[in-house]
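In: return atomic coordinates for the entry below.
(4 chains)
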There are 2 protein chains.
Amino acid sequence: MAEKKLEKYPHPFVTVDIIIFTVKDNDLKVLLVKRKLPPFQRMWALPGGFVHIEENLEAAALRELQEETGVKDVYLEQLYTFGNPARDPRGRVITIAYFALLDSSKIKLQPKTDVEAAKWFSMYNLPKLAFDHQQIIDYSLVRLRYKLEYTTVGFQLLPKKFTLTELQKLYEIILNKKLDKRNFRKKIFSFNIVEPTSETKMEGIHRPATLYKFKNKQFLLPKDVV
Amino acid sequence: MAEKKLEKYPHPFVTVDIIIFTVKDNDLKVLLVKRKLPPFQRMWALPGGFVHIEENLEAAALRELQEETGVKDVYLEQLYTFGNPARDPRGRVITIAYFALLDSSKIKLQPKTDVEAAKWFSMYNLPKLAFDHQQIIDYSLVRLRYKLEYTTVGFQLLPKKFTLTELQKLYEIILNKKLDKRNFRKKIFSFNIVEPTSETKMEGIHRPATLYKFKNKQFLLPKDVV
DNA sequence: CCAAAAGTGTTAGTGATACACCCATGT
DNA sequence: ACATGGGTGTATCACTAACACTTTTGG
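Out: Here you go, the predicted model:
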């Protein structure tokens, strides 16, 4: 196909931003980086950056995430595209936000490019953020909670083997409410996606808890529909 | 804030594409335009076009929709952002897809800019489409059906006053399956969002149907969560 | 035998599904 | 009186929510 090239009119820049959630110390945390460069120099922000000219959007998100935090091998899901013309003081920048949940124990943070530091922050105690990143995080929390109830995203936050009480705690922390132990277990069993191992976990002076594992890592609903 | 400007590195172009659904002639239809210019000259495509440098994304979608089809006053919802580097032969173009449902009886199609024609096509009998627009439409159908069951988007497709049978037909056409009349009505009433008017609609030789209207146009679930 | 968390069963209520009959109208 | 679509009620099933007691362990 012989095509005429696009004219070089001024057009928006395109970035990706990544919201990585984890549960740690009985708290829902989000991964932030401290900016090395203007604008918003030395302020905390979501990891992210410019999409290269020949690079897939998700690939860009994965690359920026690894460069800025050291985190890799993540299943990212597209969240929303934010395009308010005033959201970046340098000019017109639209950003495609991706999000994921990770087991923080499997991660060591190793910031490299363009950032001074990468650090977990409590969702309920965030610093003032660069750009419109507070708004992006607020929206991602709504979606996270929604997805937690209808899919199995929550399982991404736990190690291979886990107790049902650990799983319940995780749900309680993300949803920020108490759940009934019996009903929670019935619901999880009804999904038919966990199976008991022969191992148990002993912690403290009480009956040891059975360790469970996932039968598979599929979502209950097709990707991106919910 | 004194900021350094962005360098003029090559960066993606940004477009919006709009999927407008309607139900007409007992069929689910989507609004397409015939391209006047290359690439894909004289092929059918979704209405859409480039985002101006100082223009909100949704504003761009509304502008392009009106320019290319004459359709205006639409509540658009962001669907997904497509960014495969090969999706446009002219170069790197990412597109943010928006979608909406409209009552086709309220619309007169009046194409103006850059298009030869604007026309409704059956979802089940689409022509070969430009770019990756077939993929975008496929995805939007999944989301449309999902939203129909959990929100009240479907009401956007009907005139102010309508019979419950008309509403049911609409659901059946979009979901592409028969629904039980009694259960459908119970469900609609349980939402508590329609109320009967004192008017009836007589069509054919049978008992006249009560006309209903919506109590409000709110969605049942918050915007964009589902 | 005590403390502490693991683990389980029952009941009531709510919403979904499946199904069949009467009603109002024009001819 | 009949043909046509409008309109309703009931029984069953599955899922959710609320609630209390027994089990296993180490000290």
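
In: what sits against A:His11?
Out: Going by CB atoms under 8 Å, 6 or more residues apart in numbering or on different chains, A:His11 touches A:92, B:11-14, B:50-51, B:53. Yep, even glycine has a C-beta here, placed from its N, CA and C like the rest.

In: can you check A:Lys106 too?
Out: Per CB under 8 Å, 6+ apart, neighbours of A:Lys106: A:Pro159.

In: identify the residues contacting stretch A:47-59?
Out: Contact with stretch A:47-59 is made by A:13-18, A:20, A:31-33, A:60-61, A:63-65, A:67-69, A:76, A:78, A:95-96, A:98, A:114-115, A:118, B:9-12, B:81, B:83-85, B:92, B:94, as judged by CB under 8 Å, 6+ apart.

In: list only those of these flagged as buried.
Out: Buried by 16 or more other CB atoms under 10 Å in any protein chain shown: A:13-18, A:20, A:31-33, A:60-61, A:63-65, A:67-69, A:76, A:78, A:95-96, A:98, A:115, A:118, B:11-12, B:81, B:83, B:85, B:92, B:94, out of those.

In: circling back to that earlier point, out of the contacts of A:His11, who's nearest A:Ala209?
Out: Set against A:Ala209, the nearest of those by CB to CB is B:Pro12 (50.3 Å).

In: tell me what the closest residue to A:Pro111 other than its chain neighbours is bridged to.
Out: Nearest non-adjacent residue to A:Pro111, counting by CB to CB, 6 or more residues apart in numbering or on different chains: A:Ala118, 4.2 Å away. Beta bridges link A:Ala118 to A:Val33 when assigned by DSSP bridges.

In: now swap in A:Asp27 and tell me
Out: A:Lys24.

In: mind checking the SS state of whichever residue of chain A sits closest to DNA strand D?
Out: DNA strand D sits closest to A:Arg207 of chain A, with a gap of 2.8 Å, by CB to the nearest atom of the strand. Put simply, A:Arg207 is coil when judged by DSSP: H, G, I helix; E, B strand; the rest coil.

In: quick one: it from A:Asp17, how far?
Out: According to CB to CB, to the nearest Å, A:Arg207 stands 45 Å off from A:Asp17.

In: residue numbers of chain A in contact with DNA strand D?
Out: A:180-183, A:186-187, A:190, A:202, A:205-208 (CB under 7 Å from any atom of the strand).

In: could you export stretch A:191-209 as PDB, CA atoms only?
Out: Included here for stretch A:191-209 are C-alpha records, laid out as PDB according to Å, rounded to 0.1, in the frame of the first residue of the first chain:
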ATOM      1  CA  PHE A 191     -15.000 -20.700  42.300                       C
ATOM      2  CA  ASN A 192     -13.300 -24.100  42.200                       C
ATOM      3  CA  ILE A 193      -9.900 -22.500  41.700                       C
ATOM      4  CA  VAL A 194      -8.000 -23.500  44.800                       C
ATOM      5  CA  GLU A 195      -7.000 -26.900  46.000                       C
ATOM      6  CA  PRO A 196      -5.500 -27.900  49.300                       C
ATOM      7  CA  THR A 197      -1.900 -29.100  49.500                       C
ATOM      8  CA  SER A 198      -0.800 -31.700  52.000                       C
ATOM      9  CA  GLU A 199       1.200 -29.000  53.800                       C
ATOM     10  CA  THR A 200       0.200 -26.800  56.700                       C
ATOM     11  CA  LYS A 201       1.400 -23.600  58.100                       C
ATOM     12  CA  MET A 202       2.100 -23.300  61.800                       C
ATOM     13  CA  GLU A 203       2.300 -19.800  63.200                       C
ATOM     14  CA  GLY A 204       1.800 -19.200  66.900                       C
ATOM     15  CA  ILE A 205       0.200 -21.500  69.400                       C
ATOM     16  CA  HIS A 206      -2.900 -22.800  67.600                       C
ATOM     17  CA  ARG A 207      -4.100 -25.300  65.100                       C
ATOM     18  CA  PRO A 208      -2.000 -25.300  61.900                       C
ATOM     19  CA  ALA A 209      -3.700 -23.900  58.700                       C
END
